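Q: here is my input; please provide its structure:
(2 chains)
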Amino acid sequence: MPQRKASLRVTLVLIGAVSAAGCDKPSDQMMRRDVYANLEDCAKDWGRPEACEQQRAAATSGSHASSGTTYRYYGPWYDDRGGTSSGPRPGSRAVDSVRVSRGGFGASATAHSSGG
Amino acid sequence: MRRERSAPRADWRRKCEEVGFHFHSMGGTYWDESACYAFTAAEVDKLEAVTARLHAMCLEACNFIVDRKRFDRLAIPAPFHARVAASWRAQEPSLLGRFDLRWDGVGAPKLLEYNADTPTALLEASVVQWHWLEDVHGGADQFNSIHEKLVARWAAIGRTLPAEALLHCACVKDNEEDLGTIEYVRDAAIQAGFPTVQLFVDDIGWGRDAEAFVDLEGRAIEAMFKLYPWEWLVREEFGAHLFATRCRWIEPPWKMLLSNKALLAILWELFPGHENLLPAYLEPGHIAGDYVRKPILSREGANIAVRRPAGAMVTPGTYGAEGYVYQAYAELPGFDGNYAVIGSWVIGGEPAGIGIREDASPITRNTSRFVPHYFA
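A: Down below sits the predicted model:
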């Protein structure tokens, strides 16, 4: 009996239930957000806990298997055009901040599909 | 290999859309189940063996290009030569690729090109035609274990990444086909255990303090599947940052060695006269008969020029600045007036299945119809 060459089962878990990642954030400019060790500090700085977003800190080593997870809290994005410092704003309770520029990829796509 | 007429399922549109295949009618008719291709088991075995052989030859070509430093022939910018070579030597894992083959069931299949970096027509080959088989030819088989192999390959790639690494999957905005393709790739990754994030290429950020690519939430990107060609990435504004980070790219940088039609000439140099290759050169004048000129970096059948005594045939486009490859012309086989090309998938280095595209023109384009197949 030859081995079957078609998949025995084709199950999808994602398709139909997703939307594009948040498209409400501006591109093509320098943005900054402050990073907090806990929700309380973030909420005090921004006046409301709902402005703070919990994110899993980036993993650095180990296997793909689950392990202990640490979290950071991020304040809202704000315009940082012209900003030069690399740390959080003076007086902030933040332990760090991130500055991001966008729009450096995608120019070649103009009228083409990227596939082939 | 023969083409058969087939009655479309009454609810084929709904069935397509239920699995995320919303671009089934792009260009008019794209998914076309009014016909299908029937193969014998022996024919499928042959396609599988040829696909494995061609992939192995391509890996030899990678060795050759890196050892001889032939990067310039592939128009890979000099600042990236060392990183591409390092990626190859480290055997950074690859997920997928698709050979385009010329075959009519007789003689040896011939390689037309290798879409090794950003192949599409994946969801339709893996999922949509599988459901068609279940509904229409339930007792038959299909050369298509793409889905199973994709999930298994993602699991294997996951074992090479840091614990709980987020996988970002990126494509261009405003392209339904690309988004549908990447969402399917992401679906398979989720089934393999990855946490994932969908992202548009335009929204990729450069974190100036962290010196890392970041997503819209500012998270460092540790692993990125991109449906966006390497030759575009390396030439864009953020290209200078590409290898300053620890990000794992999928497809890996060494796929730049294969997703380039100059590969066709290099394969012919390494394996002259091979039955699965067509003569190909990087300079004109070597081919006495009909030939086709293809830009070494191009897609969607753009800027293809077929030269033959009956007259030239040229497709429009904006590619060609990086040079051309000249390949002996082997016209696609016609079935009832339809020119068919076989896309043969490689997942994790193994043959995984086929998808067939048809067109009224012998040059396959982005909107050429996808026609399902079975074998018995």
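Q: compute the distance between the closest residue to chain A within the stretch 151-300 of chain B and residue B:232, please.
A: Closest residue of the stretch 151-300 of chain B to chain A, CB to the nearest CB: residue B:238 (3.1 Å). (Each C-beta comes from the backbone N, C-alpha and C, glycine too.) Noted for residue B:238: a distance of 11 Å to residue B:232, by CB to CB, to the nearest Å.
Q: hey, which helix or strand in the chain has the poorest pLDDT?
A: In the absence of a named chain, this looks at chain A. strand A:53-56 (a mean of 82; mean pLDDT, DSSP states H and E).
Q: let me rephrase: I mean chain B.
A: strand B:313-314 (a mean of 83).
Q: give me the distance from it to the chain's centre.
A: In terms of CA atoms, centre = their mean, to the nearest Å, the centre of strand B:313-314 is found 23 Å from the chain centre.
Q: what strands line up against that strand, and which way round?
A: strand B:305-307 (antiparallel) (DSSP bridges).
Q: sort out which residues of the helix or strand just after the least confident helix or strand of chain A are buried, please.
A: Downstream of strand A:53-56, the next assigned helix or strand under DSSP states H and E is strand A:71-74. By neighbour count with 16 or more other CB atoms under 10 Å in any protein chain shown, strand A:71-74 contains the buried residues A:72-74.
Q: keep only those residues that also lie close to chain B.
A: residue A:74 (CB under 8 Å from any CB of the partner chain).
Q: dump the buried residues of strand A:71-74 to a markdown table, plus distance to residue B:20.
A: Putting the buried residues of strand A:71-74 into a markdown table (distance: CB to CB, whole Å) gives the following:
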| residue | distance to residue B:20 |
| --- | --- |
| A:72 | 33 |
| A:73 | 34 |
| A:74 | 31 |
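Q: for the buried residues of strand A:71-74, which one is nearest residue A:89?
A: residue A:74 (14.0 Å; CB to CB).
Q: please report the distance of that closest one from residue B:210.
A: 13 Å.
Q: just give me the neighbour total for the residue lying closest to the residue of the stretch 151-300 of chain B closest to chain A once chain neighbours are set aside.
A: The shortest distance from residue B:238 to any non-neighbouring residue, by CB to CB, 6 or more residues apart in numbering or on different chains, is to residue A:104 (3.1 Å). Residues near residue A:104, counting by other CB atoms under 10 Å in any protein chain shown, number 21.
Q: please enumerate the strands of chain A.
A: A:30-36, A:53-56, A:71-74, A:78-79, A:96-102 (DSSP state E).
Q: what pairs with the fourth one, parallel or antiparallel?
A: So the one you mean is strand A:78-79. strand A:30-36 (antiparallel).
Q: against residue B:251, how distant is the residue lying closest to residue B:366 once chain neighbours are set aside?
A: Spatial nearest neighbour of residue B:366, chain neighbours left out: residue B:300 (4.1 Å); criterion: CB to CB, 6+ apart. Using CB to CB, residue B:300 is found at 18 Å from residue B:251.
Q: next, the closest residue to residue B:253 other than its chain neighbours: secondary structure please.
A: Sequence neighbours aside, residue B:87 is the residue nearest to residue B:253 in space, at 3.9 Å (criterion: CB to CB, 6+ apart). Per DSSP: H, G, I helix; E, B strand; the rest coil, the local secondary structure of residue B:87 is helix.
Q: residues contacting residue B:87?
A: B:252-254 (CB atoms under 8 Å, 6 or more residues apart in numbering or on different chains).
Q: for it, give its distance to residue B:98.
A: 20 Å.
Q: residues in a beta bridge with residue B:353, which ones?
A: Going by DSSP bridges, residue B:353 forms beta bridges with residue B:144, residue B:345.
Q: also the one 5 residues further on?
A: The residues listed as beta-bridge partners of residue B:358 by DSSP bridges are residue B:340, residue B:369.
Q: run through the residues that contact residue B:54.
A: Residue B:54 touches B:99, B:111, B:114, B:276, counting by CB under 8 Å, 6+ apart.
Q: quick one, grab the pLDDT at residue 57.
A: Going with chain A. At residue A:57, the model reports a pLDDT of 65.
Q: oops, chain B please
A: 98.
Q: run the chain-centre distance for stretch B:165-181.
A: 15 Å.
Q: anything in it near chain A?
A: Yes - Stretch B:165-181 reaches chain A (CB under 8 Å from any CB) through B:165-166, B:171-173, B:175, B:177-179, B:181.
Q: would you map the helices across chain B?
A: B:12-18, B:41-68, B:81-89, B:122-123, B:129-136, B:146-158, B:176-191, B:230-233, B:262-270 (DSSP state H).
Q: just name the most buried of those.
A: Across the helices of chain B, averaging neighbours per residue (mean count of other CB atoms under 10 Å in any protein chain shown) puts helix B:122-123 on top, at a mean of 27.
Q: what is the mean pLDDT for it?
A: 98.
Q: who are the packing partners of it?
A: helix B:176-191 (3 or more CB pairs under 8 Å, 6 or more residues apart in numbering or on different chains; DSSP states H and E).
Q: which other residues reach the helix it packs on?
A: A:11-15, A:18, A:20, A:113-115, B:20-23, B:26, B:95, B:120, B:122-123, B:126-127, B:147, B:150-151, B:154, B:167, B:169-172, B:196, B:198, B:225, B:227, B:366.
Q: mind listing what's buried along stretch A:43-50?
A: Quick answer for stretch A:43-50 (16+ other CB under 10 Å): A:43, A:45-46.
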